[in-house]
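# Fold the following and give me the result.
(4 chains, ligands or ions: 4)
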Amino acid sequence: MTTGTLTAGRTRFRLPRKQIPVLATLALLLVMYGIGVSQYTAFSNVQVIFNVFIDNGFLLVVAVGMTFVILTGGIDLSVGSVVAMTAMVSAALLQDGMPAALVLVIALLIGPTLGLLMGCVIHFFEIQPFIVTLAGMFFARGMCTFISGASIPITDGFWTSMSQERIGNPRGNFVSISVLIAFVVVAIAAYTLAYTRLGRNVYAIGGNPQSALLMGLPVARTRIAVYTISGLCSAIGGILLSFYTLSGAPLIAVGMELDVIAAVVIGGTVLTGGAGYVFGTVLGVLVLGVIQTLITFDGSLNSWWTKIVIGGLLFAFILLQRLIGIRYK
Amino acid sequence: MNDAMSRYRAITGHRLFWPAAVLFVMLAANTIYRPGFLSIELKDGHLYGTPIDILRLSAPLILVALGMTLVISTGGIDLSVGSLCAISGAIACMYISKQPDQSSLGVVVTALAMAMGVSLVLGAWNGVLVAVIGIQPIIATLILMVAGRGLAQLITEGQIITINSEPYRAIGLGHALTLPLAIFIALAAALLVAAFTRRTALGMIIESVGGNSMASRLAGIRSGRVIFLAYVISAACAAVAGFMMTANVSSADGNAVGLWVELDAILAVVIGGTSLAGGRFFLSGTIIGALIIQTLTTTVYAMDISPQTSLLFKAVVVIAVCLIQAPAFRARFSRRRRNSPPPAPVADKPKEQVPA
Amino acid sequence: GNSDTGGGGSKDDGKITMGFSQVGAESGWRTANTTSIKESAAAAGIELKFDDAQQKQENQIKAIRNYIQQKVDVIAFSPVVESGWDTVLKEAKDAGIPVILTDRSVDSADKTLYKTFLGSDFVKEGRLAGEWLVEQKKSASGPVNIVELQGNTGAAPANDRKKGFGEAIAANPNLKIIASQPGDFTRAGGKQVMEQFLKAYPKIDVLFAHNDDMGLGALEAITAAGKTPGKDITIITVDAVKDGMQALADGKFNFIAECSPLLGPQLMDLAKKVHEGQEVPARIETEETTFTTEQAKEALPNRKY
Amino acid sequence: MTDSRPVLTMTGISKSFPGVRALHDVNFRLFPGEVHALMGENGAGKSTLIKVLTGVYDTDEGAITLHDEPVSFTGPMQATAAGVSTVFQEVNLCTNLSVAENIFIGREPRLLGAVRWGEVRRRARALLADLDLDLDVSAPLGSYSLAIQQMVAIARAIDIKARVLILDEPTSSLDADEVAQLFRIMRQLRDEGIAILFVTHFLDQVYEIADRITVLRNGGLVGEYLTTELPQLSLVEKMIGKELDVLEGIEEHSRRDLAALEEGTPLVAVSNFGRAGAVEPFSLTIHAGEVVGLAGLLGSGRTEVARLLFGADRADGGQVAVDGTASSLRTPAQAIDHGVGFCSENRRAEGIVADLSVRENMILAMQAARGWLRPIPRRRQDELVDKYVKALNIRPADPEVPVRNLSGGNQQKVLLARWLITEPRLLILDEPTRGIDIGAKTEIQKLVTQLSDGGMAVLFISAELEEVLRLSHKVAVMRDRQMVAQLANDESLDADRIMQTIASGSHREEADR
Ligand SMILES: Nc1ncnc2c1ncn2[C@@H]1O[C@H](COP(=O)(O)OP(=O)(O)OP(=O)(O)O)[C@@H](O)[C@H]1O
Ligand SMILES: Nc1ncnc2c1ncn2[C@@H]1O[C@H](COP(=O)(O)OP(=O)(O)OP(=O)(O)O)[C@@H](O)[C@H]1O
Ligand SMILES: [Mg+2]
Ligand SMILES: [Mg+2]
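Numbers count the residues shown, from 1 in each chain, chains lettered A, B, ... in the order given. Ligands and ions are numbered 1, 2, ... in the order given. Presented below is the predicted three-dimensional model:
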């Protein structure tokens, strides 16, 4: 009985334990998919999976940004509105005949700028992120209706081709360019969080901001950075959404922030910060997507049963995830 | 002079000072825009005027926000309150609408009791998910937020249930002592919650759980029960708010009642000075927060700010409110001189120093 | 020609499968619309796959994609917004599934992406309301003050009804909209906004509400202010749901432009035709009328929703 | 021994918090190649001085120069960059990150911007080995005891290789071995010319390592002295401003006849009590009026034993008898119902509720036991709080300030008061004197003896073996998460024998005495 063996014992236990929540989520997701396949014939079609990605690409990108924010223990309510604003600005500028490349640059700058401003207010004036980003949400949504009360179609060639390009077999199974962009964003984010100082500082601040400060970490810079990153991801998400719908509509993505937060938290990130992975967020988005798909495939639910069943499935999922988590603790 | 100075400090230092100041400024701005804004007249024995409207309309928000304050203080959050409002309103109206004599007091009381009962059960459900199973509050209550809307619509079958019941209507529109009854209900609820938390030790225990749950557990607090209770109280408050909202228009719309009220409620709580991270809570601050939010909404209508820009206006006001309240902001922008520090402890011996 | 190689809910037993994506259940009107569609599908022997998009375009696009996967025979949907459907409609077209739009239209340049549109013309509803008012007030010598309760900012019915109404009343320069705020299509919203209007503007002659519910909410505010709805203030609304018709019959409302939710039978009819490959007109408007107090009294007894 | 030019000087430093003057016109100098002890009672302003120096707080007045350059740091980040490395008083690390990462975060070895995790772990292991620690460096820091976290914090600060190293009470929860390791490294650094500022309440340690002493009292500077020229007694006198009464009486107390105490039914008796991965099953009886000491090295499982007995962690198996009847101790609330109190070693995470006031923190446990429906009348609260503020000399003496504003030692006293107020029958004290100044420490020791004379049982854990020996009637020895012996505290027992017991491994036969 030496310390050595004790340490070894812990190591044997620790490795899987860290991954258990994520693995459990993955397993449950597969079970849910399995249920779909067994219930509905067309569900087994590979395109169904691809569609989940196609339809949730923008959500995924935004959720990745939100993961950064939540990891520091913050929250960003402005994402849905920033997505809408980005799409709206792009649509309006394209309608005015601005070249696509320029529109892209402008659209991609607005989100991060707003994020940067919010981050500064949150950090320097010590105001709770909830309120600051709520004001940001009002602002961005207000900009949408300010730009136009009605939806603006996008007819630009670049946008249309981005929207309609099918990668894979155009007649069979395919994904859209948005999916690839989303994957690139996920990969960059995962790398940033795991392998860069910025990423590690994000975890440290989420663990204990006071300690992070006393350890000499750049708390101000990091905190402002995560809101900027979230703004950037929202802007990318907005562009993807405008690819997806080929339009900008003032009321699009209303309430999206809740979906995004839900996805991040279902993916195992803790709302108080400090623990979570981008991969978990991917799973969280998939869970929401698959639930949605199951409901559409069923097609027999009326409007209110739809909501009840979504709530029910969410509950079942969370409960199992939690119970498995406890069992292995 | 020093005395006046310190009194000034004491007033501005009070945590309710800045929220109240913001409210005051908003009312003043409205009055400048339209001098009749604050005028109140007596019509049919009822006081009638915009300030009364603001009070009456903020009553449901105050109720919801009171419950939310306790939940937030435990370190949680309750997203389901809007749906709970819809459910309680729907049950009450549905039951009343099915009765032959809608105006009978008995019917209304039964309806309220039923609706309250269901709401308490749903509050307990939230409580169990958070306190017993240990699901993160935001997700636990999101479940009921989504499914609850569906439940409300299931109850009303997607229709707007119109009722014609005087006693029920009175909850939203009745008057007592020339003032809307809703104001008294909200006030009573506030006093009740205040008594419930501050006359007992519940308030301190909630704050302790929210402030440091591990330390609280080791001090022997059964934090599960406390958290559970907070969600149940929140549900009860939401239920009453639901009665008020539906009584106000004598109809229950499963889809519209209490839509997004959770956001407003959280905002009210936060403006009132309670931290979303949990810990200390301030009921009076929450009430002022709710009044600020309602005044803001009313201002948009009263000034007829165009719908296209009204959200921008709200954004500006919200951020201004927060900045003014934030000590860090004020510190940066006021170059005030420090008051003379408290008398120094006199060093009784000369300081010694040794050469290097 | 769409060859059904099994899969999804559509066995090749001659039974038509229709995928229908509804906007949501945001109002009594919408619920009546949903009920009408479900009932007529059952009556017509069409298998209905129903999906509630909960006001989200993304959800509708997802639903349509899933219908394509399930190889339904016809896809019908009420678009949440006008724009942004080209991509997914193209996929449906490639899969050989015909699409019918109901209630609200889309703004695609490529009209071949859908077979037909069935629904109401919101601009027309607004116009009808405006024209009636112009007719009523043609003898008015002084200015007529109008307040407007809009639907949700940015929603198509709100935009269109506002537009139609505005165009119509332009005929008489005396008619002036002095205030216009969103009441979010709800009674509570209508009431709250109207309360402020009544305080801010001592002389309001006309109220135009974008739907009955807001009008009903405003009624209460008007009564509370000690005015008589229908007399002191002329009230015009859109929709003609039962409660609204009742108010009209009671003389509290003055005029309603109907917006019928009962699209079901027509939709099923179209679905069959489209499935059989018959030609259908590109745009079919639901039969809708307008109601005055007298007409409302007549129509009320057999009003279904 | 020292250079003639100070590397760091602070002149005329004043710092006030609302209602409190924490520092007033303090001068301080630090020379290269010296260990400089900063001494003072709890709340004297030591930590505040350090925080002002490192830029955590702004100064109200005064100037700081580093290498003759005036500096004014905006925060530890800048201070570290300028060569001032600090271990703050409470362990300020991120428990959610791994041990290795806590040591290197912010200065990770990188390749093209990517953190080299293998290298981080390897270096961390080497660094810890130098401190004689063998940890799984990729395990989250939170899975280790506070003492180990303290060592990790020290490892981090040392590795920064700064010119000024500041250690604020680094030894408060370390035992003799670790302290020796730390001192070895401090001497090494000193010899390399690094200036070290060291805060502690252990006088012996000061005389062992410090070259120079600066004393603060009540936020004011008392003076700066060479250690060799300042006898212990006058140091104490300068710190507290008066003479200290000696510890007489306490010694005799503990050496009373154990057999007499252990007659009758034990207050708490556990057998085969254990928890997989934490402590091996053990048996222990505690009688009313008995003080049981727990001795062992860092990480030997003393805290785990305490937590099990309090129900903070749930035991896997075994029997519990309270007053001779079988009971269970599965939750803290249950344990409290049985009259058990537990003062945790980790005051920040498991002790204080920072938001609440001193008064509320003190009455918390008593209130919890009464239930929320029966609030303690305000007058009674004030009486109780007043009594313990006086008894433990808590400063500031205002019970309505948030406890977060108190100095570390004063927070510890508040926690003690919390449990004393409940008048438990068995009080478990895990490092109760951690970070407490000598004056208060003797008070607490006296209190423990008084309480046990009054019939209270105490389970006493302390990294200071002398303290355990002084107070306990019986000492249970832990080693490798095993209770290896229970020794009566008679004349034959001393620190050496306990160390031998630990070193020579399992003494099962003695345990089953
Ligand atoms: N943030 C703060 N707000 C208000 N008062 C404070 C704050 N920090 C410290 N103080 C007060 O300043 C005084 C000095 O505290 P400090 O922490 O420097 O003491 P210390 O000498 O380190 O004591 P200890 O030995 O207990 O750690 C105390 O009276 C304390 O209550
Ligand atoms: N040498 C070690 N190697 C690895 N882990 C250790 C070691 N020592 C202790 N631990 C960790 O410390 C905890 C057990 O220590 P516990 O807190 O019970 O110790 P203790 O005897 O109270 O010592 P102290 O509080 O002085 O560290 C366990 O959680 C264990 O993970
Ligand atoms: Mg200190
Ligand atoms: Mg310990």
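
# which stretches of chain A form strands?
A:152-153, A:167-168, A:174-175, A:247-248 (DSSP state E).

# Could you tell me which strands the third one is paired with, and in which direction each runs?
In this case it means strand A:174-175. strand A:167-168 (antiparallel) (DSSP bridges).

# The first one too?
Strands that pair with strand A:152-153, judged by DSSP bridges, come out as strand A:247-248 (antiparallel).

# tell me the mean pLDDT over the partner strand?
Averaging pLDDT along strand A:247-248 gives 88.

# Would you mark the buried spots in the top helix by length along chain B?
Secondary structure of chain B per DSSP state H: the longest helix is helix B:223-249. Across helix B:223-249, burial judged by 16 or more other Cβ atoms under 10 Å in any protein chain shown covers B:223-249. All C-beta atoms are positioned from the backbone trio N, CA, C, and that covers glycine.

# re the thing from before, pick the most deeply packed of the strands of chain A.
Highest mean neighbour count of the strands of chain A: strand A:247-248, a mean of 30 (counted as mean count of other Cβ atoms under 10 Å in any protein chain shown).

# Which of the strands of chain A sits closest to ligand 2?
strand A:174-175 (46.4 Å; Cβ to the nearest ligand atom).

# got a list of contacts for the closest one?
Residues outside strand A:174-175 that contact it (Cβ atoms under 8 Å, 6 or more residues apart in numbering or on different chains): A:47, A:50, A:53-54, A:166-168.

# switch to 10 Å and redo it
A:47, A:49-51, A:53-54, A:57, A:165-168, A:182-183, C:91 (Cβ atoms under 10 Å, 6 or more residues apart in numbering or on different chains).

# Helices of the chain, start to end?
As the question left the chain open, I've gone with chain A. Using DSSP H, helices in chain A cover A:3-39, A:46-71, A:79-95, A:100-124, A:129-147, A:157-164, A:177-195, A:197-207, A:209-214, A:219-245, A:256-266, A:278-298, A:303-327.

# Can you look at chain C instead?
Under DSSP H, chain C gives helices at C:28-44, C:57-69, C:86-94, C:122-136, C:156-169, C:187-200, C:212-224, C:242-249, C:264-276, C:293-299.

# Rebuild those helices as a markdown table, extending it with mean neighbour count.
A markdown table is the format used below for the helices of chain C (neighbours: other Cβ atoms under 10 Å in any protein chain shown):
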| stretch | mean neighbour count |
| --- | --- |
| helix C:28-44 | 21 |
| helix C:57-69 | 26 |
| helix C:86-94 | 20 |
| helix C:122-136 | 21 |
| helix C:156-169 | 23 |
| helix C:187-200 | 26 |
| helix C:212-224 | 26 |
| helix C:242-249 | 22 |
| helix C:264-276 | 20 |
| helix C:293-299 | 16 |
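
# Let's verify B:M116: helix, strand, or coil?
Three-state call for B:M116 (DSSP: H, G, I helix; E, B strand; the rest coil): helix.

# surely it meets B:V232?
No - the pair B:M116 / B:V232 is not scored as a contact, 11.2 Å apart, by Cβ atoms under 10 Å.

# ok, back up a step: ok, and of the buried residues of helix B:223-249, which contact chain D?
Among the buried residues of helix B:223-249, the ones lying close to chain D by the criterion of Cβ under 10 Å from any Cβ of the partner chain are B:223-226, B:229.

# re the thing from before, want to try CSV for the helices of chain C, with distance to chain B and mean pLDDT as columns?
Output for the helices of chain C, formatted as CSV (distance: least, Cβ to the nearest Cβ, whole Å; pLDDT from 0 to 100):
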stretch, distance to chain B, mean pLDDT
helix C:28-44, 3, 89
helix C:57-69, 13, 87
helix C:86-94, 25, 88
helix C:122-136, 16, 92
helix C:156-169, 9, 91
helix C:187-200, 4, 91
helix C:212-224, 5, 92
helix C:242-249, 5, 90
helix C:264-276, 15, 91
helix C:293-299, 16, 87
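
# Can you list the low-confidence ranges for the chain?
All of this refers to chain A. A:1-18, A:326-329 (pLDDT under 70).

# should've been chain D
Residues of chain D that meet the cut-off, pLDDT under 70, sit at D:1-3, D:243-259, D:505-513.

# what about the residue in the stretch 101-250 of chain A that ligand 2 sits nearest to, neighbour count?
Minimum separation of the stretch 101-250 of chain A from ligand 2 (Cβ to the nearest ligand atom) falls at A:G207, amounting to 17.8 Å. Neighbourhood size, A:G207 [other Cβ atoms under 10 Å in any protein chain shown]: 25.

# wait, doesn't it sit right on A:L213?
No - here A:G207 does not reach A:L213: they are 12.0 Å apart, not a contact under Cβ under 10 Å.

# who touches both of those two?
By Cβ under 10 Å, 6+ apart, no residue touches both A:G207 and A:L213.

# What is the burial count for the residue in the stretch 101-250 of chain A positioned nearest to chain B?
Distances between the stretch 101-250 of chain A and chain B by Cβ to the nearest Cβ are smallest at A:G142, namely 3.1 Å. The number of residues packed near A:G142 is 24, by other Cβ under 10 Å.

# same check, this time on D:G264
D:G264, neighbours per other Cβ under 10 Å, totals 9.

# and the residue nearest in space to the middle of chain D, helix, strand or coil?
Centrality entry for chain D: nearest residue to the mean C-alpha point is D:R434, 2.8 Å, by Cα atoms, centre = their mean. Secondary structure for D:R434, judged by three-state DSSP, is coil.
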